[in-house]
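1. What follows is a predicted structure for the sequence shown.
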Amino acid sequence: MGKVLWHTMLSLDGYIAGPEDDMGWVVGVDGGPGQTADEVVRSIGALLVGRRTQDVEDHLKPGFYGEAADDANVVILGANIARQALEAGLLDEIIVHIAPVLVGDGVRLFQSAGGAPIKLQAISSHMEGETTVLRYAVRQTPQERP
């Protein structure tokens with residue numbers, strides 16, 4: 001059975017999108033040869049996408065979404081849907097490409113008012129182009145949280 005992965009780009013100050021879901025800050029960021037993104041794309045069996053993310057992706061790349069495949073990974077795109085999956089104990093890994101950009105405002109990577117900290121275990125970290133790629137396993141179920 002595949003894993004549930006959250007794969008995203010993050011500004012150095014913690015935003016995955018700017019005000020009004022603007023992703024223009026990503027343009028021009030050198031992601032290098034893209035080994036991690038290629039690996040994730042090859043592993044996708046299904047995408048779980050929040051409505052706002054789908055609206056942005058459909059605008060940028062019409063027809064971006066394809067069909068699901070058996071026993072492959074489910075990749076989550078979108079902060080709200082990722083938070084819901086994390087809080088439900090469904091998320092296995094978080095993969096973040098940190099870009100050398102300060103956005104200043106917008107959609108945070110993770111926000112949970114009054115929520116308890118969630119423990120992660122580092123799997124890997126490396127550079128790809130200008131980005132630092134961090135990969136973490138989610139090691140706490142909702143029941144294990146304080």
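-> Arrived safely, thanks for sending. Numbers count the residues shown, from 1 in each chain.

2. May I have the distance across stretch 77-91, first residue to last?
-> End-to-end distance for stretch 77-91: 12 Å, by CA to CA, to the nearest Å.

3. Quick one: mean pLDDT for it?
-> Per-residue pLDDT over stretch 77-91 has a mean of 87.

4. list the buried ones in it?
-> 77-79, 81-83, 85-86, 90-91 (16 or more other CB atoms under 10 Å). C-betas here are computed from N, CA, C, even on glycine.

5. What of stretch 42-51?
-> Quick answer for stretch 42-51 (16+ other CB under 10 Å): 43-44, 46-50.

6. Okay, and which of these map to strands?
-> Assigned to strands by DSSP state E, the following of those qualify: 44, 46-49.

7. Name the nearest of these relative to G115.
-> Compare each of these with G115 using CB to CB and the shortest gap goes to L48, at 20.4 Å.

8. Would you confirm that that closest one contacts Q84?
-> No. Assessed by CB atoms under 8 Å, L48 is found out of contact with Q84, at 9.6 Å.

9. thinking again about what came up before, can you list the buried residues of stretch 42-51 in JSON lines and add distance to M127 and pLDDT?
-> Rendered in JSON lines, the data for those read as follows (distance: CB to CB, whole Å; pLDDT from 0 to 100):
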{"residue": "S43", "distance to M127": "21", "pLDDT": "89"}
{"residue": "I44", "distance to M127": "24", "pLDDT": "85"}
{"residue": "A46", "distance to M127": "29", "pLDDT": "83"}
{"residue": "L47", "distance to M127": "26", "pLDDT": "80"}
{"residue": "L48", "distance to M127": "28", "pLDDT": "81"}
{"residue": "V49", "distance to M127": "28", "pLDDT": "75"}
{"residue": "G50", "distance to M127": "29", "pLDDT": "66"}
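
10. got TSV for those, with distance to A72 too?
-> Output for those, formatted as TSV (distance: CB to CB, whole Å):
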residue	distance to A72
S43	6
I44	6
A46	7
L47	11
L48	13
V49	16
G50	20
